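*Asks:* Okay, here's the prediction I keep looking at, along with the sequence it came from:
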Amino acid sequence: MNRLFTMGGALLRLLIFSPVVALLLVAPAYHHAQAATMPAAPGVAGFRPAHKLDVDTSRQDQRFAATFQEVQNWVERKAFPGAVLAVGQHGKLVAWKAFGRMASSPDARPMPKDAIFDLASLTKVTGTTTAAGILYDRKLLDLDAPVVHYIPEFAGVPGHDEILVRNLLSHSSGLTSPGVLWTQAHDRAGIMSLVYKLPVSFKPGEKMQYRDYNMILMGEIVQRLTGEREDAFLKENVFGPLRMKDTGYNPPPKLWNRIPATEQDDVLRHTRVHGVVHDENAFLMGGVSGHAGLFSSAHDLAILAQMYLNGGIYDGKRIVSAETLKLFMRRQSTPPDTSRALGWDTAVKGSFAGHLASPNAIIHTGFTGTSIYIDPDRDAFIILLTNRVNPTRRNNLIAQARPAIHTAVLQVLDGAKTQPAAVSTSALPTYEAKRTDTPINVDGKLDDPAWADAPAVTLVNNSDGSSALIRTECKVLYDEKFLYFAFRNQDQNIWATLTRRDAHLWTEEVNEVFVQADPRQTSYIELEINPLGAIFDAFLLDIGRALHYESWNSEHLKWAVHVDGTVDGQPGDREWTSEIALPLEDVVPAPHTPPQPGDRWRINLYRIDQLPTPAKLAWSPTGKNFHVPSKFGEILFSAQNAGR
């Protein structure tokens with residue numbers, strides 16, 4: 001193993017293992033001042049009695065049958081080629097199962113349950129944050145010390161002197177980059193030089209902005225305080241004592257047959273990435289960084305999660321103190337409304353852990369499709385490892401799969417039975433959607449025979465439900481693969497300028513569709529289309545909280561418009577019509593896919609018009625804001641076929 005700072009290694013090793021010498025020689029005078037000033041978070045659960053993890057999966061196929069089917073459904077929908085799920089509670093590994101294959105190719109080997117995954121950003125918490133906790137325990141790391149105290153080269157840029165270690169761990173440093181680091185450097189020294197010069201876009205602590213640079217710097221601090229690379233320190237102080245034999249950086253070739261391939265990289269490495277870190281910055285840094293680079297298995301991560309639930313001890317070995325773990329797991333008081341703890345994120349509403357997640361749980365995800373959920377309240381953990389970037393990172397279905405899978409697991413742990421589809425008990429409008437045996441030809445003309453037999457609804461003013469001066473009729477149909485929407489818009493001044501996907505489409509004249517298949521969830525889909533045929537589709541995790549507007553696209557979404565007039569805002573037009581075919585595979589979570597007769601989903605239908613006067617119409621009025629799922633109407637899926 002390569003060691004850095006070899007001339008000072010002996011002294012630094014003495015400092016690490018001799019608290020007295022450490023305090024006299026290197027501990028800053030303000031160490032641990034933050035322990036007295038940090039407010040206590042309400043309701044943080046205490047740790048349970050220490051357990052050594054026992055494997056007890058004999059009943060998993062019966063107890064977790066619905067959960068396993070949920071994971072398998074996502075494999076079949078191609079959210080990821082394969083996955084390994086591990087669930088633990090009360091010191092026992094109660095579920096541990098593999099799904100799918102090692103890669104997306106049809107001849108790929110089945111996924112083994114001992115597969116070793118590229119953890120991506122789980123490195124930040126399982127590795128770097130754990131290391132930071134150990135160094136805090138040993139009085140070598142002060143959370144409220146300026147970063148320049150540990151990395152003098154970081155000084156000299158306006159705002160850098162104000163960035164504290166705590167800001168790195170809580171992603172509130174304000175650091176930003178005008179470009180992609182790995183396109184401007186060739187090795188670790190080049191990457192670090194760029195990070196040291198990053199500008200600050202806001203005052204440290206003012207807001208949360210998740211960035212890899214924070215944990216790259218944190219990993220550098222670990223290295224400088226210990227006198228050895230982070231991989232060596234973690235092996236000696238965490239993974240070795242815990243006997244996590246599958247965990248480390250730069251796995252040797254003998255393990256590659258257990259490692260699922262990640263992405264086909266046609267930009268940097270020009271090969272299929274396998275056995276080496278997927279993250280480009282970490283790759284240029286030699287595979288070892290504070291933000292990415294670790295590989296591990298579900299069973300190894302289960303051991304680490306159990307150590308956290310035990311309060312820092314496992315199998316008689318103390319890794320970090322319980323007090324330090326509580327500090328690091330506590331949600332920060334600044335920035336305001338942040339969900340971040342130190343290193344970790346927490347399970348707030350709309351997180352990937354789903355609506356049943358405990359607010360005291362610590363969580364994190366990795367870009368390659370990995371995630372970890374540790375829940376002190378339930379004395380439980382969930383490890384979900386997938387290779388969702390194989391063959392391409394453009395597949396973002398993992399963001400829909402995670403909450404559905406975590407909800408399915410937590411229902412089992414809570415002893416809850418899977419609930420049936422919701423039954424309407426409200427006075428909200430209901431639309432009976434008929435089935436069509438013949439797929440709709442989506443051309444915007446609304447001339448398929450099935451549309452003639454579909455009931456029409458007329459939109460009203462969204463503000464108060466009164467009749468609108470302009471008229472829009474809407475219809476809905478469904479088949480095995482799609483949910484179809486049709487709009488017929490009376491419009492004498494048709495106007496639009498945008499011709500491609502844009503998050504600001506709503507500033508023009510548009511038809512909008514909102515779909516929420518399960519009202520017990522917080523997520524829903526938004527679709528917009530304008531008279532020029534520009535489409536905007538977004539998967540929202542919660543009200544107003546979109547999942548990557550710039551990258552989430554429905555692969556099989558269909559849409560079209562037909563205009564009777566000109567799209568220039570001038571008088572003399574007649575109408576424009578639109579059709580949207582939403583793939584049912586995109587609507588998750590849903591009670592059934594495809595929907596069964598009797599299922600009810602929440603939807604709403606909107607029209608925004610700009611000329612001659614602005615107007616906002618809706619099927620089920622929601623007031624000033626369109627994003628109010630509780631006020632959406634319902635579609636009732638009918639067994640009746642359109643045209644019969």
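*Replies:* Happy to help now that I have it. Predicted model only: the values in this text are computed from it and were never measured. Numbers count the residues shown, from 1 in each chain.

*Asks:* Send me stretch 186-198 as CSV with only the CA atoms.
*Replies:* What follows is stretch 186-198 as a C-alpha-only set of coordinates in CSV (Å, rounded to 0.1, in the frame of the first residue of the first chain):
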residue,chain,number,x,y,z
HIS,A,186,-5.0,14.6,-15.6
ASP,A,187,-4.1,13.3,-12.1
ARG,A,188,-4.7,13.7,-8.4
ALA,A,189,-2.4,16.8,-8.1
GLY,A,190,-4.3,18.5,-10.9
ILE,A,191,-7.7,17.8,-9.4
MET,A,192,-6.6,19.0,-6.0
SER,A,193,-5.1,22.2,-7.5
LEU,A,194,-8.4,23.0,-9.1
VAL,A,195,-10.4,22.3,-5.9
TYR,A,196,-8.1,24.6,-3.9
LYS,A,197,-9.0,27.4,-6.3
LEU,A,198,-12.8,26.9,-6.5
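
*Asks:* What ranges does the stretch 501-644 of the chain have for its strands?
*Replies:* Counting by DSSP state E, counting those that start in this stretch, the stretch 501-644 of the chain has strands at residues 510-516, 524-529, 535-542, 545-546, 558-564, 575-583, 600-609, 615-618, 633-641.

*Asks:* Mean pLDDT, distance to residue 300 and mean neighbour count for those strands - can I get that in TSV?
*Replies:* Just so you know, the C-beta spots here come from the backbone N, C-alpha and C atoms, and that holds for glycine as well. Putting these into TSV (pLDDT from 0 to 100; distance: least, CB to CB, whole Å; neighbours: other CB atoms under 10 Å) gives the following:
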stretch	mean pLDDT	distance to residue 300	mean neighbour count
strand 510-516	95	38	24
strand 524-529	92	36	23
strand 535-542	80	29	20
strand 545-546	52	33	13
strand 558-564	95	44	19
strand 575-583	96	37	23
strand 600-609	95	40	24
strand 615-618	95	51	22
strand 633-641	92	44	17
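
*Asks:* now those in TSV, with distance to residue 141?
*Replies:* As requested, the strands of the stretch 501-644 of the chain are exported to TSV (distance: least, CB to CB, whole Å):
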stretch	distance to residue 141
strand 510-516	45
strand 524-529	42
strand 535-542	33
strand 545-546	33
strand 558-564	53
strand 575-583	49
strand 600-609	49
strand 615-618	54
strand 633-641	54
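
*Asks:* Can you tell me which of these is nearest to residue 235?
*Replies:* Nearest to residue 235 among the strands of the stretch 501-644 of the chain is strand 535-542 (36.4 Å), distances taken as CB to CB.

*Asks:* The closest one - contacts with which helices or strands?
*Replies:* Contact partners of strand 535-542 among helices and strands, from 3 or more CB pairs under 8 Å, 6 or more residues apart in numbering; DSSP states H and E: helix 398-413, strand 524-529, strand 545-546.

*Asks:* strands paired with it, and their directions?
*Replies:* Partners of strand 535-542 in the sheet, by DSSP bridges, are strand 524-529 (antiparallel), strand 545-546 (antiparallel).

*Asks:* which stretch among those strands comes nearest residue 450?
*Replies:* Across the strands paired with strand 535-542, closest to residue 450 is strand 524-529 (CB to CB), at 20.0 Å.

*Asks:* Output that closest one as CSV - backbone C-alpha positions only.
*Replies:* Output of strand 524-529 as CSV, limited to C-alpha atoms (Å, rounded to 0.1, in the frame of the first residue of the first chain):
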residue,chain,number,x,y,z
TYR,A,524,-46.2,12.5,-9.1
ILE,A,525,-45.7,13.2,-12.8
GLU,A,526,-46.1,16.5,-14.6
LEU,A,527,-46.5,16.8,-18.4
GLU,A,528,-46.7,20.0,-20.5
ILE,A,529,-47.2,20.6,-24.2
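
*Asks:* now the angle between strand 510-516 and it, please.
*Replies:* 160 degrees (axes from the mean of the first three to the mean of the last three CA atoms, to 10 degrees).

*Asks:* on that earlier part again, pipe the strands paired with strand 535-542 into TSV and attach distance to residue 270 per row.
*Replies:* TSV is the format used below for these (distance: least, CB to CB, whole Å):
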stretch	distance to residue 270
strand 524-529	36
strand 545-546	33
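
*Asks:* would you turn the helices and strands packed on strand 535-542 into JSON lines with distance to residue 462?
*Replies:* Shown next, in JSON lines, are the helices and strands packed on strand 535-542 (distance: least, CB to CB, whole Å):
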{"stretch": "helix 398-413", "distance to residue 462": "28"}
{"stretch": "strand 524-529", "distance to residue 462": "15"}
{"stretch": "strand 545-546", "distance to residue 462": "20"}
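
*Asks:* what's the closest of these to residue 624?
*Replies:* Minimum separation from residue 624 across the helices and strands packed on strand 535-542 (CB to CB) falls at strand 524-529, 16.7 Å.

*Asks:* what does that closest one contact?
*Replies:* 485, 505-506, 510-516, 535-540, 546, 557, 559, 561, 578, 580, 582, 586-587, 602, 629 (CB atoms under 8 Å, 6 or more residues apart in numbering).

*Asks:* mind running it again at 7 Å?
*Replies:* 505-506, 510-516, 535-540, 559, 561, 578, 580, 582, 586-587, 629 (CB atoms under 7 Å, 6 or more residues apart in numbering).

*Asks:* any idea how far residue 371 lies from residue 301?
*Replies:* Per CB to CB, to the nearest Å, residue 371 is found 10 Å from residue 301.

*Asks:* Looking at these two, which is more packed in?
*Replies:* A direct count of neighbours by other CB atoms under 10 Å for residue 371 and residue 301 places residue 301 higher, at 27 against 23.

*Asks:* surely the more buried one meets residue 383?
*Replies:* Yes - assessed by CB atoms under 7 Å, residue 301 is found in contact with residue 383 at 4.8 Å.

*Asks:* Just the terminal-to-terminal distance for stretch 477-493.
*Replies:* This stretch, stretch 477-493, spans 29 Å end to end (CA to CA, to the nearest Å).

*Asks:* chain center to it: distance?
*Replies:* On the basis of CA atoms, centre = their mean, to the nearest Å, stretch 477-493 sits 31 Å off its chain's mean C-alpha point.

*Asks:* and what of stretch 265-280?
*Replies:* The answer for stretch 265-280 is 22 Å, by CA atoms, centre = their mean.

*Asks:* Show residues contacting it.
*Replies:* 118, 120, 182, 251, 253, 256, 259, 261-264, 283, 287, 292-293, 368, 389.

*Asks:* These in strands, which ones?
*Replies:* Residues of these located in strands (DSSP state E): 118, 264.

*Asks:* and stretch 366-375, what's its mean pLDDT?
*Replies:* Stretch 366-375 shows a mean pLDDT of 97.

*Asks:* Oh, that last question was meant for stretch 89-109, not what I typed.
*Replies:* Stretch 89-109 comes out at a mean pLDDT of 96.

*Asks:* same check, this time on stretch 472-486
*Replies:* Mean predicted confidence for stretch 472-486 is 96.

*Asks:* Span of that stretch from start to end?
*Replies:* 10 Å.

*Asks:* With stretch 622-633 instead?
*Replies:* 10 Å.

*Asks:* circling back: which neighbours do residue 301 and residue 383 have in common?
*Replies:* residue 372.

*Asks:* wait, doesn't residue 52 sit right on residue 317?
*Replies:* No - contact criterion CB under 7 Å: residue 52 and residue 317 do not qualify, at 10.1 Å.

*Asks:* what's the burial count for residue 469?
*Replies:* 11.

*Asks:* Nearest residue to it in space, please, no chain neighbours.
*Replies:* residue 615 (7.2 Å; CB to CB, 6 or more residues apart in numbering).

*Asks:* Might you list the low-confidence residue ranges for this protein?
*Replies:* Within the chain, the ranges that satisfy pLDDT under 70 run 1-50, 416-427, 541-553, 644.
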